[in-house]
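K.L.:
fold the following, please.
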Amino acid sequence: MSTQIKSISDAAYQQAKAGSTCLDMAAYCIKTITGFPTIKPSREARDELNKGYRVWYQEIYVPKRVKTEDGEVLVDVNFAFGFSQQNFGGLKAEKPKLHDAVKDVRDRTGTYCSNRFSDLVHYAKQIQGAGKKGSRQTASLYFNERVTKVLDDLMVKVNVAATRNDKEADKAKLTKAIAAFKAVWDK
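P.N.:
Okay, here's the model as predicted:
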């Protein structure tokens, strides 16, 4: 890392400064990305965010020298994402060693981008929760989101089960049960 930390108090100062910067970034995204963080960003907005995350990850990622079918190749983030999805898929049959190396970098980068996006959402929710009394309201908000996700997931699962001719997969019955649950839950 490029940040020079001189003492524990300097570390605390740098941490606080970074936290303020993250809140500024989240505030910008709240203003710029429609419905953020409540609504999933558009494909274009998510691509822009990932593009930025990848630029930083390229700076901090240590590239790997990999022996492939064509000799030694330096695989970094830019190289790994320089392949179209179709060309990347084609590597599996044509150059499996290169495919494995590129896949590893793509997977690590994807995880990094996903984690940074989660951080951004966290900061945005922190901004939106500012001024509300107590942390229980924020915890309640997160729990309500979890309940909604569970119910949505049940609807997906009942559809999948129905396509497999599962006799217990009764979409109409589940829809009524969820509606009854929500009638009580949302009061």
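K.L.:
A helix includes Arg65, no?
P.N.:
No: under DSSP: H, G, I helix; E, B strand; the rest coil, Arg65 falls outside any helix and is assigned strand.
K.L.:
check contacts around it.
P.N.:
Going by C-beta atoms under 8 Å, 6 or more residues apart in numbering, Arg65 touches Glu72, Val73, Leu74, Val75. C-beta: built from backbone N, CA, C; applies to glycine.
K.L.:
apply 10 Å and report the result again.
P.N.:
Neighbouring residues of Arg65 by C-beta atoms under 10 Å, 6 or more residues apart in numbering: Glu72, Val73, Leu74, Val75, Ala101.
K.L.:
what does Gly52 give?
P.N.:
Met25, Cys113, Arg116.
K.L.:
what residues does the closest residue in space to Lys125 that isn't next to it in sequence make contact with?
P.N.:
Using C-beta to C-beta, 6 or more residues apart in numbering and skipping residues adjacent in sequence, the residue nearest Lys125 is Pro37, 5.7 Å away. Taking C-beta under 10 Å, 6+ apart as the contact definition, Pro37 lies against 26, 29-30, 117, 120-128.
K.L.:
for Glu168, see how far away Pro37 is.
P.N.:
Pro37 is 36 Å from Glu168, where distance means C-beta to C-beta, to the nearest Å.
K.L.:
number of nearby residues for Gln58?
P.N.:
A total of 16 residues lie near Gln58 under the criterion other C-beta atoms under 10 Å.
K.L.:
ok, Cys22 - how many residues close by?
P.N.:
A total of 17 residues lie near Cys22 under the criterion other C-beta under 10 Å.
K.L.:
can you name the helix or strand that it falls in?
P.N.:
Assigned by DSSP states H and E, Cys22 belongs to helix 8-32.
K.L.:
in that helix, what counts as buried?
P.N.:
Buried residues in helix 8-32, defined by neighbour count with 16 or more other C-beta atoms under 10 Å: Cys22, Ala26, Cys29, Ile30.
K.L.:
the first one and His122 touch, don't they?
P.N.:
Yes: because the distance of 8.8 Å satisfies C-beta atoms under 10 Å, Cys22 is recorded as touching His122.
K.L.:
doesn't Lys6 lie inside a helix?
P.N.:
No: with three-state DSSP as the criterion, Lys6 is assigned coil and is not in a helix.
K.L.:
now do the phi/psi pair for Gln4.
P.N.:
Summarising the backbone geometry of Gln4 under the convention degrees, to the nearest 10, its torsions are phi -90, psi 120.
K.L.:
state the distance from Lys157 to Ala183.
P.N.:
When C-beta to C-beta is the yardstick, Lys157 and Ala183 sit 22 Å from each other.
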